[in-house]
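K.L.:
Turn this into a structure:
(3 chains)
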Amino acid sequence: MKRFVGFVRKEFYHIFRDRRSLFILFGMPIAQILLFGFAITNEINNVDIAILDQANDVTSKEIINKIASSKHFSIVDIIQQESSIESIFKKGKVKAVLQFENNFGSNLIKEKQATVQILTDATDPNMANTINNYITSILKNYQQELNNTVSVDYQIVPQSRMVYNAELKSVYMFVPGVMTVILMLVSAMMTSISITREKEQGTMEILLVSPLKPFQVIVGKVFPYIFLSVINAVVIVLLSIFIFNVPVKGSLFLLGFESILFIITSLALGILISTISATQQTAMMISLMGLMLPTILLSGFIFPISSMPMPLQVISNIIPAKWFIIIVKGIMLKGVGIGFILKETLILFAMTLVFMGISVKKYKIRLE
Amino acid sequence: MKIILYIIRKEFKQIFRNKGMLPIIFILPVLQLVILSNAATYEIKNISFGYVDADNSSISRGLIERFEASTYFNVTEKFSSQKEASSAMQEGRVDVYLSIPTHFERDLQKNKRNDIGVFIDAIDGSAAGVINVYATQIIQNYNKHIATDLIQVSDSVQQLSSIDSIPLFWYNETLNYKTFMVPGILVLLVTMITLFLSGMNIVREKEIGTLEQINVTPIKKHQFIIGKLFPFWVLGMGLLTIGLILAKVIFNVPMLGNLLLLYGYTSVYILVILGMGLFISNFTDTQQQAMFIAWFFIVIFILMSGLFTPIESMPKWAQILTEFNPIKYFVEIIRMVMLKGSGFTDIFPLAIKTLAYAIVMNGLAVWSYKKTS
Amino acid sequence: MMKAQNVIEVENLSKLFGDFAAVNQICFHVKAGEIFGFLGANGAGKTTAMKMLIGISSPSSGKATVAGFDVYKQTESIKKNIGYMSQKFALYDDLTVKENITFFGGIYGLSKKKIDQKRCELVEELGLQEVTNSLVASLPLGWKQKLAFSVSLLHEPKIVFLDEPTGGVDPITRRQFWELIYKAAHNGTTIFVTTHYMDEAEYCDRVSIMVNGKIEALDTPKKLKEQYKTDTMNDVFLKLARG
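P.N.:
Below you'll find the model as predicted:
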């Protein structure tokens, strides 16, 4: 036991003496949370659009004013002909052009119907859709005002209640995601590098023939990173709470427990990676190239999993991050207890065992 | 110049002899491009929908049928109480539920209007917004339906004005997300590989001691650096080529613009990335440190590139920061050229900034590489 | 015999790291064609001093010239005229013997013809015919050392610097290595070698012993043994180290 403690102490020294890595290890999560909290958002603001007003009458100008005063849009160009549309799209100057037909105003008054074409640069389909939705609702609101004087029969009025996130703040979505991505990448990468470095330097063999059991060697190597990652998790949660006002409706204790579980799962993954890497370089590349994009894209961090094609939904099940994001969102934003996230917790637990199991088997094979 | 060739030859030999790394350099990006491009979509589909119907009238049932018929919503559950529905949402079983109160039809006929509760899981704020729009549209359409079919049509309905908006989606009529994401993801992959490899490469030589040996030779700084970075430049261009072919063949991403223009731009872009890798490796002693720093920047660059969230929506200070994000330029340009057919003059402002970035970055990197310390 | 000139001249050379003087005002010179042993315990400052002479570390103060060139301002010219074998042997493990030779020959600007010629000579001399196309990683340590040494001589430099070249091999292999050194010296190459094996000091023409950054002894092995009244260089060193 004393040998083990001594071994763990050595690992701690290694880590804390490497100032640069330490700086990144702790600085990175802080920088990312701050950035993403303040800068990343799915809402659209100040999108550049252009107007092609072929009517040029009172009505069209009224509507244009409404759009101009919306915080979502910024009118940067007024064009006179249809032929100009192509070139401003190609130059990337605007994301949409609103085209009011000739006699817009008179059509609306006399025939009770007029048309606005919303031309969007759909190379970004999401933006195009969103612009379309917003403009349409501004138009509908204007239409509603016109119609207010006329009584409308029988209306079912939807009262929308945004549950868990009344102000639709993007940061609620991103904080669990960033926390997950950072914990996963740091833990997996650090562990795999640490173990393969010993392999590369040849000191792994020495450790394995020492009185320490292989199991103790691995645990000893990994232990300091649990400690580090927990600190990271705590910092992230604190920043989210105090700077971004993200609530923690559920139990902090449960959050802590689940975080430690996830960290261990990630570390186990790191160990697994180290068994298939001969060099540090390989371990690093697998951890980064292999884990980064899948973790960001398939975990539900940014893109909803239910919208992905079936095969990808299936694949997302083997990404530990997916389950942890559900857990974190549940505890922090919904306030659930262990009962609601039991399934996810057990899955993480099982994954950890599987990763460890495969790693142990591979080590045994090597030793023979 | 011949000296540079010697270094280039050595580098290529080392890269291709590294059996463990080859699949990571070539197969992993390809796999990720093919698989992950399918993941990236903001379309909201398969919305799990539940409801509480305390009225059970023909109007309430009719409304529910509308939701059942919609392709966006999967009507999964009927709840007997609000409490049950709320609990199901906590478990994540439903994304949205409707709450129809008792005497709904009766009150509607009496007062001509009635409220209905739409409860949306808003953790994903933007998805919630979209769900709200869809749900509202279904309800509003149902309103028209009640007004015209079920209940006596009053003349006043005919006097309603309507402004019709016609959406026209340029360059991507089907709003195909892949068309949007594939070039973007390709940019990420090319960037990651070239940055990581170039950053680690020189540090590795530091770690094993061969860099010292090189520094004792009369080789000039620029010869060494060019020789070292050139193979990764080739790799980057190669990956781009493979990626473009896959984009066309598997995803049918259009290639409206000039391929040569794209290659020309990419060749300058890769220089920026290589310069960064070199710069990082000049200030680190171990591969681990180099990777960490590279990783730090890459994650920030990726998430602030405009690939996943729009740059226009960021606060002013963040938008200024993105000026220093090389990925932002490449993502913008590859989309402009491939999907819109933009030409040289169109991309000129972005391209010139990239060129300046390349010159400054590489200048810094070369200057900070010291053969004598 | 012609008067031998100094190929290395060092005057009050120092290297400071903060307050710590790793190399503290050392003075010595090395004559052309000499085998000069630069001895001292681990951490005495030998490698730091050597790094200044080969032009990869800038001195804090003092003067030095190598092959007639100044170590402050003319490092690139120094590098053209010297060879170097680092402590880590610094050959590429993932390249073959042949590829390593070709690479380093090319880096020094040798013509293809010259490289081919030198390669044949080297392979012949070291008996590496069987392994020219094997990766250096697969060679036993002693062969790697000899190869590294020979590679450092490819461009026929005036002086060659060897930093602990014989670490980790058996005495017979060390002996063979020194035969290579003798041969090079015989051909007129000046050898500047650092080592912490005191018995190797016997093989040198003159030696200096560094203790804590300073040179505490500088003379032929014979004279040093007389001076300190010992039979071996090892004992000379022990006496010096104890102070």
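K.L.:
which ones are touching the nearest residue to A:D124 once chain neighbours are set aside?
P.N.:
Once flanking residues are discounted, A:D124 sits nearest to B:F180: 5.6 Å by Cβ to Cβ, 6 or more residues apart in numbering or on different chains. Glycine gets a C-beta too; all of them are placed from N, C-alpha and C. By Cβ atoms under 8 Å, 6 or more residues apart in numbering or on different chains, the contact set of B:F180 is A:123-126, B:172, B:335, B:339.
K.L.:
SS state for B:F180?
P.N.:
Three-state call for B:F180 (DSSP: H, G, I helix; E, B strand; the rest coil): helix.
K.L.:
what's the burial count for the closest residue to C:D219 other than its chain neighbours?
P.N.:
Nearest non-adjacent residue to C:D219, counting by Cβ to Cβ, 6+ apart: C:R206, 6.4 Å away. Residues lying near C:R206 (other Cβ atoms under 10 Å in any protein chain shown) number 20.
K.L.:
wait, doesn't C:R206 sit right on C:I215?
P.N.:
No - contact between C:R206 and C:I215 fails when scored by Cβ atoms under 8 Å: they sit 11.9 Å apart.
K.L.:
Low-confidence bits of chain C, can you list those?
P.N.:
For chain C, applying pLDDT under 70 flags the ranges C:1-4, C:243.
K.L.:
secondary structure class for B:I166?
P.N.:
Three-state assignment for B:I166 (three-state DSSP): strand.
K.L.:
Can you check the pLDDT for B:T354?
P.N.:
Looking at B:T354, its pLDDT is 94.
K.L.:
wait, is it part of a strand?
P.N.:
No - counting by three-state DSSP, B:T354 falls outside a strand, being helix.
K.L.:
interface residues of chain B facing chain C?
P.N.:
B:2-3, B:5-7, B:9-10, B:13-14, B:17-18, B:208-210, B:212-220, B:371-373 (Cβ under 8 Å from any Cβ of the partner chain).
K.L.:
The residue nearest to C:D219 and chain A, how far apart?
P.N.:
37 Å (Cβ to the nearest Cβ, to the nearest Å).
K.L.:
center of the chain - which residue?
P.N.:
Using chain A here. The residue lying closest to the centre of chain A (Cα atoms, centre = their mean) is A:F301, at 3.4 Å.
K.L.:
you looked at the wrong chain, it should be chain C
P.N.:
Mean-position check on chain C, Cα atoms, centre = their mean. Result C:L162 at 2.1 Å.
K.L.:
Contact partners for that residue?
P.N.:
C:L162 touches C:84-85, C:149, C:152, C:181, C:191-194, counting by Cβ under 8 Å, 6+ apart.
K.L.:
Excluding residues flanking it in the chain, which one is nearest A:I358?
P.N.:
Closest to A:I358 by Cβ to Cβ, 6+ apart is A:L272, at 5.9 Å.
K.L.:
for that neighbour, helix, strand, or coil?
P.N.:
helix.
K.L.:
Check which helices and strands the lowest-mean-pLDDT helix or strand in chain A sits against.
P.N.:
Here the helix or strand of chain A ranked lowest by mean pLDDT, DSSP states H and E is helix A:203-209, holding a mean of 74. Judged by 3 or more Cβ pairs under 8 Å, 6 or more residues apart in numbering or on different chains; DSSP states H and E, helix A:203-209 is in contact with helix A:170-201, helix A:214-244.
K.L.:
Count the residues that sit near the residue of chain C found nearest chain A.
P.N.:
At 10.6 Å from chain A, C:D94 is the closest residue in chain C, using Cβ to the nearest Cβ. Here the count is done by other Cβ under 10 Å, and C:D94 has 14 residues near it.
K.L.:
Touching, it and C:L135? I think so.
P.N.:
Yes - contact status for C:D94 versus C:L135: in contact at 6.2 Å, counting by Cβ under 8 Å.
K.L.:
Thanks a lot, catch you later.
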